[in-house]
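Asker: would you be able to build a 3D model of this:
(one chain, ligands or ions: 2)
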Amino acid sequence: MTEILKADPDSIARAASLLLEGKLVAFGTETVYGLGALATSNAAVAHIFAAKNRPRFNPLISHFASAKAAFDHVEANELASRLAEAFWPGPLTMILPRKSGSTICDLATAGLPTIAVRVPRGKTALALLQAVGQPVAAPSANPSGRVSPSDAFHVLRNMHGRIDAILDSGPCSVGLESTVIDLSREVPFLLRPGGITLEKLEAICGTIRNPDDYATKLPSSPGMLASHYAPGLPVRLSAESVDEHEALLAFGPTLPGAGLVYNLSERGDLEEAASRLFAGLRFLDGEGQRRGLKTIAAMAVPRQGLGLAIMDRLRRAASPRPMAGGDDDDLESMIG
Ligand code: TXA
Ligand code: MG
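Answerer: Ligands and ions are numbered 1, 2, ... in the order given. Below you'll find the model as predicted:
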């Protein structure tokens, strides 16, 4: 059942309490409707990927009620402060290095050392974020591969029954996703054109590199979108047996003989597995190296639903190499 909440103070309070319980709530921003979940909870963020049917764990934008709240989680440099001053609340997302004390979960950042932060415009969105008092992760509220929704009706048509509630604040004023700028590198990079134009940004930043430079000219630089967390230990996929020199990333009934085991989900639940994936890789990598193990052996998961995203992520971990980043949805919004 999806609760349909017309934006007013009571329904905003209701939506906030659902989010705090780990539920999924779609809400309107000035750009597009976001599919929100508590950004500090792997389990809550796993619901997003399940509901969107995303084949990959793309990093998500964390939304805040103020720049001050956002900058509690990231290392904001001087440029970030100026951009926040000029464009927040508004359709600008900044990628910045994660602060070590940040409570934003691995699944929201796809294990990256950076976090995408944004303070949206719009009374309802800001009131909701204020009421939650925690970062809210939200990709556009469309199933993967579909166009981003710019009013509540679009969300309902595709997501009804798959999410807990929708907070209807009417049509979005911008109707196009936020501009994403990466400030975690020596020079600012435009990752996605959007609601704030390049000209406006350049008036404050000076020259901004464009996505083509980003994808083709600097593929091996650290901190890139594509350089998702890759463990130090080599990863062996679809393990059907395991030995004492290996750490085992298990799914369902475990295999005997491993030197160390982390079970993604003993009961074989893909959503639980997704919520534990990054923590599991990190644990087996750290503890495995400490114990002198040689490999992480990963059992196969079913290639359906979130299993596709889990296997995609494991394949990347098994063959770490820079890959052109981006969001399947972004392709869609550029062509459609
Ligand atoms: O307007 C918007 O930005 C909407 C509303 C709901 O806020 N959200 C949105 O989210 O469009 P999504 O998930 O569809 O797109 C987020 C983009 C993706 O291209 C993702 O790869 C990028 O931001 N992104 C997120 N975190 C990142 C990070 N740490 N480094 C690089 N790119 C990141
Ligand atoms: Mg999107």
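Asker: show me what Arg236 is bridged to.
Answerer: Beta-bridge partners recorded for Arg236 (DSSP bridges): Ala297.
Asker: can you report how many residues neighbour it?
Answerer: When neighbours are counted by other C-beta atoms under 10 Å, Arg236 registers 17. For glycine as for every other residue, the C-beta is placed from the backbone atoms N, C-alpha and C.
Asker: ok, it touching Ile296?
Answerer: Yes. Arg236 sits in contact with Ile296 when judged by C-beta atoms under 8 Å, with a separation of 7.0 Å.
Asker: which one is the residue of the stretch 1-150 of the chain found nearest ligand 2 nearest to, not counting chain neighbours?
Answerer: Residue of the stretch 1-150 of the chain nearest ligand 2, by C-beta to the ion: Ser140 (3.4 Å). Take Ser140 and drop its neighbours on the chain: the residue closest to it by C-beta to C-beta, 6 or more residues apart in numbering is Ser148, 3.8 Å away.
Asker: so which helix or strand takes in the one you found?
Answerer: Per DSSP states H and E, Ser148 falls between elements, in no helix or strand.
Asker: so what pLDDT did it get?
Answerer: Looking at Ser148, its pLDDT reads 87.
Asker: distance of it relative to Gly286?
Answerer: 37 Å (C-beta to C-beta, to the nearest Å).
Asker: neighbour count winner among those two?
Answerer: In this comparison of Ser148 against Gly286, neighbours counted by other C-beta under 10 Å, the higher total goes to Ser148 at 23 against 14.
Asker: Val32 is in contact with the more buried one, correct?
Answerer: Yes. Contact criterion C-beta under 8 Å: Ser148 and Val32 qualify, at 4.1 Å.
Asker: mind listing the shared neighbours of those two?
Answerer: Counting by C-beta atoms under 8 Å, 6 or more residues apart in numbering, the common neighbours of Ser148 and Val32 are Ser140, Ala141, Glu177.
Asker: give me every residue that touches the second one.
Answerer: Yep, that's Ala141 we're talking about. Counting by C-beta under 8 Å, 6+ apart, Ala141 has contacts Ala26, Val32, Tyr33, Gly34, Leu35, Ser148, Pro149, Val155, Met159, Ile163, Ile166.
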